[in-house]
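Participant: My questions are about this predicted structure, shown below with the sequence.
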Amino acid sequence: MKKLSLIIPVYNVEKYVAKCIQSCIDQNLNKTDYEIIIINDGSTDNSFEIVKAIAAGHENITVFSQTNAGLSVVRNRGLELAQGEYIWFIDSDDWIETNCLQSITEKLTDIDVLAMGYVNAYDDTSKNKKIFPTSAVTNSGIDLLHNSYIVPAQFYIYKKEFLSENNLFFEPGIFHEDFEFIPRMLYFAKKLVVYNKQFYFFYKRPDSITASINPKKSFDYIKIALNLIAFEKKNVKKTEKYIFHNVIWLALTNALHNSLVMDGVTRVKLNKEFYFNKWMFKYLDSGTILKYRIERILFVIFPKHSVFIYRLLKRFVK
């Protein structure tokens with residue numbers, strides 16, 4: 001069995017994908033010990049042609065193509081195809097450090113998850129910033145969850161068996177799928193190691209999905225909160241529920257935050273969605289963050305005006 005599978009979803013990244021793939025090739029790990037799985041998700045630019053040209057000279061690269069289905073579906077397919085003991089998801093507009101895989105695989109010994117730092121990377125490299133996972137003692141995913149280290153899926157490496165045994169897959173059809181996946185993953189990760197190295201370069205391109213404004217993101221955050229509530233009810237110990245409640249409330253706050261850039265019609269629709277699910281506000285009464293508790297009280301008292309209340313608080317409470 002190969003030690004590591006690198007899974008790269010590709011969609012309309014002709015400007016960036018060559019750098020990403022080349023960074024995965026320029027490694028000090030034997031090519032027989034790791035594979036690169038590239039899945040083209042219905043790109044309409046030249047991304048697929050670039051990928052095929054690069055892959056042609058490398059036996060450890062396999063390329064697949066499909067009609068556009070979204071990032072979650074691509075990652076889930078990559079998991080099914082992967083032959084490695086461990087999985088690393090890499091976005092096709094990002095890149096990894098040259099010759100980092102040898103030291104990484106040395107850490108992958110009988111653990112569920114390896115958590116790593118990363119670099120927020122800009123075109124102006126003077127703005128680059130290194131991010132460390134935590135300075136606290138961390139032995140399990142719940143420790144990271146307690147510190148609200150809910151970062152994109154690319155900043156972790158997962159044992160494939162751990163993911164499959166815990167039915168950990170990505171929710172299709174939503175934005176911010178990592179916010180739905182990471183808390184569930186961390187809760188199940190009993191053997192987690194933090195590697196305070198920054199081998200992953202997280203490119204902050206201005207036209208990325210995470211930087212774009214889309215009203216659907218708010219409604220997706222509500223769906224994420226509902227999914228996490230269902231997970232919490234079924235799986236989370238009573239003594240650990242408060243940690244999950246903070247995470248769920250953060251998802252709801254993110255949904256409300258997007259209302260700041262919505263038109264009036266969409267805000268009304270969002271407010272109706274919150275009112276329809278108003279039971280969530282009473283449910284989240286054990287969170288430990290004071291700001292969230294104050295918001296909850298106001299939302300419970302005035303359930304028909306949650307979006308207005310949030311916008312008002314953002315205006316007057318800094």
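Facilitator: Arrived safely. Numbering: from 1, shown residues only.

Participant: C-alpha from now on. contacts and neighbour counts both.
Facilitator: OK.

Participant: Report the mean confidence score over the longest helix anywhere in the chain.
Facilitator: Ordering each helix of the chain by length in residues (DSSP state H) puts helix 216-235 first. Confidence for helix 216-235, expressed as mean pLDDT, is 95.

Participant: Buried ones in the helix or strand just after it, by neighbour count?
Facilitator: Following helix 216-235 in sequence order, the next helix or strand is helix 241-257 (DSSP states H and E). Residues 241-253, 255-257 are the ones in helix 241-257 that count as buried (16 or more other C-alpha atoms under 10 Å).

Participant: Number of residues surrounding Leu312?
Facilitator: Other residues within reach of Leu312, judged by other C-alpha atoms under 10 Å, total 11.

Participant: Which helix or which strand is home to it?
Facilitator: Using DSSP H and E, Leu312 sits in helix 306-316.

Participant: what comes up buried for that helix?
Facilitator: 306-310.

Participant: Could I get these in a markdown table, plus columns for pLDDT?
Facilitator: Formatted as a markdown table, the buried residues of helix 306-316 follow (pLDDT from 0 to 100):
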| residue | pLDDT |
| --- | --- |
| Ser306 | 91 |
| Val307 | 92 |
| Phe308 | 91 |
| Ile309 | 89 |
| Tyr310 | 89 |
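
Participant: same for the longest helix of the chain, what does it pack against?
Facilitator: For helix 216-235, the elements it packs on are helix 177-188, helix 241-257, helix 264-276, judged by 3 or more C-alpha pairs under 8 Å, 6 or more residues apart in numbering; DSSP states H and E.

Participant: Which of those comes out lowest on mean pLDDT?
Facilitator: Looking at the helices and strands packed on helix 216-235, the weakest mean confidence is helix 241-257, a mean of 89.

Participant: Name the residues that touch the longest strand anywhere in the chain?
Facilitator: The longest strand of the chain (DSSP state E) is strand 192-203. For strand 192-203, the surrounding residues in contact (C-alpha atoms under 8 Å, 6 or more residues apart in numbering) are 93-97, 100, 111-122, 130-134, 138-141, 155.

Participant: Let's see that with 6 Å instead.
Facilitator: Here strand 192-203 makes contact (C-alpha atoms under 6 Å, 6 or more residues apart in numbering) with 94-97, 111-121, 132, 139-140.

Participant: Show the average pLDDT along that strand.
Facilitator: Mean predicted confidence for strand 192-203 is 95.

Participant: Give me the spatial nearest neighbour of Asn258, chain neighbours excluded.
Facilitator: Ser218 (6.0 Å; C-alpha to C-alpha, 6 or more residues apart in numbering).

Participant: hmm, back to that, closest one to Gly70 out of the buried residues of helix 306-316, please.
Facilitator: Val307 (28.9 Å; C-alpha to C-alpha).

Participant: do you know how far the residue nearest to that closest one when sequence neighbours are not counted is from Lys129?
Facilitator: Once flanking residues are discounted, Val307 sits nearest to Asn271: 5.6 Å by C-alpha to C-alpha, 6+ apart. Asn271 is 37 Å from Lys129, where distance means C-alpha to C-alpha, to the nearest Å.

Participant: cool, and Ile54?
Facilitator: For Ile54, the distance to Lys129 - C-alpha to C-alpha - is 30 Å.

Participant: before we move on, back to that, show me which of the contacts of strand 192-203 are buried.
Facilitator: Among those, those scoring as buried are 94-96, 111-121, 132, 140 (criterion: 16+ other C-alpha under 10 Å).

Participant: So which of these sits lowest on pLDDT?
Facilitator: For the buried ones among the contacts of strand 192-203, the pLDDT minimum is Phe132, 84.
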